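**Student:** no FASTA, just this:
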């Protein structure tokens, strides 16, 4: 979870089959795989409040897909 959306894009370039999932303001999400493991990268923007939003939403999405 980098802060800057451009860093999320750089990380996505290291993934296999990376796809842009969402892009809205400071939040940019890519998903793909790395060494055969499914991974996602999401930028958080600047500061604690936007980081908290990103973490909460990511946890909610993850917990719904796992359970």
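**Tutor:** Good, I have the coordinates. As the structure is a prediction and not an experimental result, all values here were calculated from the model.

**Student:** burial measure for residue 63, as a count.
**Tutor:** Counted with other C-beta atoms under 10 Å, residues neighbouring residue 63 total 9. Yep, even glycine has a C-beta here, placed from its N, CA and C like the rest.

**Student:** in what helix or strand does it lie?
**Tutor:** Using DSSP states H and E, residue 63 falls within helix 48-66.

**Student:** give me the packing partners of that helix, helices and strands only.
**Tutor:** Under the contact definition 3 or more C-beta pairs under 8 Å, 6 or more residues apart in numbering; DSSP states H and E, helix 48-66 sits against strand 37-42.

**Student:** give the buried residues for the strand it packs on.
**Tutor:** Neighbour counts over strand 37-42 (16 or more other C-beta atoms under 10 Å) mark 39-42 as buried.

**Student:** repeat for stretch 40-53
**Tutor:** 40-45, 50-51.

**Student:** any chance of the residues you listed in CSV, with pLDDT and distance to residue 16 too?
**Tutor:** Rendered in CSV, the data for these read as follows (pLDDT from 0 to 100; distance: C-beta to C-beta, whole Å):
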residue, pLDDT, distance to residue 16
40, 93, 13
41, 95, 13
42, 94, 18
43, 95, 20
44, 93, 24
45, 89, 26
50, 90, 28
51, 91, 27
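
**Student:** and these as JSON lines, adding distance to residue 3?
**Tutor:** Written out in JSON lines, the entries for the buried residues of stretch 40-53 read as follows (distance: C-beta to C-beta, whole Å):
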{"residue": "40", "distance to residue 3": "16"}
{"residue": "41", "distance to residue 3": "12"}
{"residue": "42", "distance to residue 3": "11"}
{"residue": "43", "distance to residue 3": "6"}
{"residue": "44", "distance to residue 3": "5"}
{"residue": "45", "distance to residue 3": "6"}
{"residue": "50", "distance to residue 3": "9"}
{"residue": "51", "distance to residue 3": "8"}
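
**Student:** farthest pair in those?
**Tutor:** Spatial extent of those (C-beta to C-beta) is set by the pair 40 and 50 at 17.2 Å.
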